[in-house]
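Participant: quick one: sequence plus predicted model below, questions after.
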Amino acid sequence: MGNAKDDKPGKMLTSMREAGSAIVVTGAGGGIGSGLVRRLIGDGWRVLAVDLNRDGLAKLQSERSVGARLDVFTLDVSRPGDVERTARQIDDQGIAVAGLVNAAGILQDVVPFMSLDIERQRQIWDVNYFGAFYCTKWFGNLMIKNGGGSIVNITSINELRVLPLHAYGPTKVAMGSLTTLTAGEFGAKSVRVNSVAPGFTLTPAMQEKIDSGKRDVSALKRATAMRRLVEIDEVASVVSFLMSDESSAVTGVSIPVDAGWLTTSHWMNFGDLLATGSEEKPGS
């Protein structure tokens, strides 16, 4: 029987990064996606930034810090033929893909179920879930061909707790299921698959909602254990971990990055317990 130490994949991602392999980041033109690009480039990775937002991609390219490690691809991830062609183009250019971050997504305003726009719901599913599905299929195939790698799906606390987002929420639940299904199948091919579930994160879109009065930032903060929102770079740090050999035995899991929202939000049913630290009286 072989030595257990010999079965460990070792520093696979480190060697792939040093050899010039790349990580594909979808939704790279704004919000969390652009923060992920900056962090991964800072880690020494070559990054292939994918988005339909040409202005966002151009802004990334204009940043001096990204240097020569950034390549951009204008792509609608909801179109499977376009995803396949882009993957083939990258492969034909001799670029080895070692990682994929599925961060492309469409947000949704809170509306009653009976007021849902069916076409908008389909669009959200096409981008959020099917976009991740198509990219996992075609870029994951390149990773398997190149000897392995890591896939990270950016889901949401909606993956783990029901919120009144009737289209957006179910797509994130489905992405969580996609994570565990592909992790189980791809593990033998040296590809790890995990998801990162951000809580209320201070993205430009969130700041706009706060400024317009659509979100009560004080209420959001009170609902977290840490009494604050999440910063983009805090999400990026966890993705960086999953794209490193420090997480070499981690696959098929969802990691919340939510400042303790999941563990604390339901405590709001108990009045001022958290704020005062007091104990409830017997019989309460």
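Facilitator: Arrived safely.
Participant: Ala49: which element?
Facilitator: Ala49 is part of strand 46-51 when elements are defined by DSSP states H and E.
Participant: ah, wrong one, I meant Ala236
Facilitator: Assigning secondary structure by DSSP H and E places Ala236 in helix 232-242.
Participant: sorry, back to before: now for the strand holding Ala49, which elements pack on it?
Facilitator: Contacts defined by 3 or more C-beta pairs under 8 Å, 6 or more residues apart in numbering; DSSP states H and E place strand 46-51 against strand 22-26, helix 31-42, helix 54-62, strand 70-74. C-beta here means a position set from N, CA and C on the backbone, and glycine is covered the same way.
Participant: so what touches the first one?
Facilitator: Strand 22-26 is contacted by residues 33, 36-37, 40, 45-51, 71, 75, 77, 90, 95-104, 131-132, 135, 139, 243 when judged by C-beta atoms under 8 Å, 6 or more residues apart in numbering.
Participant: and for the second one?
Facilitator: Residues outside helix 31-42 that contact it (C-beta under 8 Å, 6+ apart): 23, 25-28, 47, 49, 51, 56, 59-60, 63, 65-67, 69-70, 101, 103-104, 154, 198, 201, 203-205, 232-233, 235-237, 239-240, 243.
Participant: pLDDT on that helix, on average?
Facilitator: In this model, helix 31-42 has an average pLDDT of 95.
Participant: list the buried ones in it?
Facilitator: Using 16 or more other C-beta atoms under 10 Å as the test for burial, helix 31-42 gives 31-41.
Participant: now stretch 91-99
Facilitator: Using 16+ other C-beta under 10 Å as the test for burial, stretch 91-99 gives 91, 95-99.
Participant: quick check, Ala167 in contact with Arg120.
Facilitator: Yes: using C-beta atoms under 8 Å, Ala167 is in contact with Arg120, at 7.0 Å.
Participant: what residues are shared contacts of these two?
Facilitator: With C-beta under 8 Å, 6+ apart as the test, Ala167 and Arg120 both reach Gln108.
Participant: okay, those two: which has more neighbours?
Facilitator: Neighbours per residue (other C-beta atoms under 10 Å) separate Ala167 from Arg120, with Ala167 holding more: 19 against 14.
Participant: ok, the more buried one - contacts?
Facilitator: Counted by C-beta under 8 Å, 6+ apart, Ala167 has contacts 108, 116, 120-121, 124-125.
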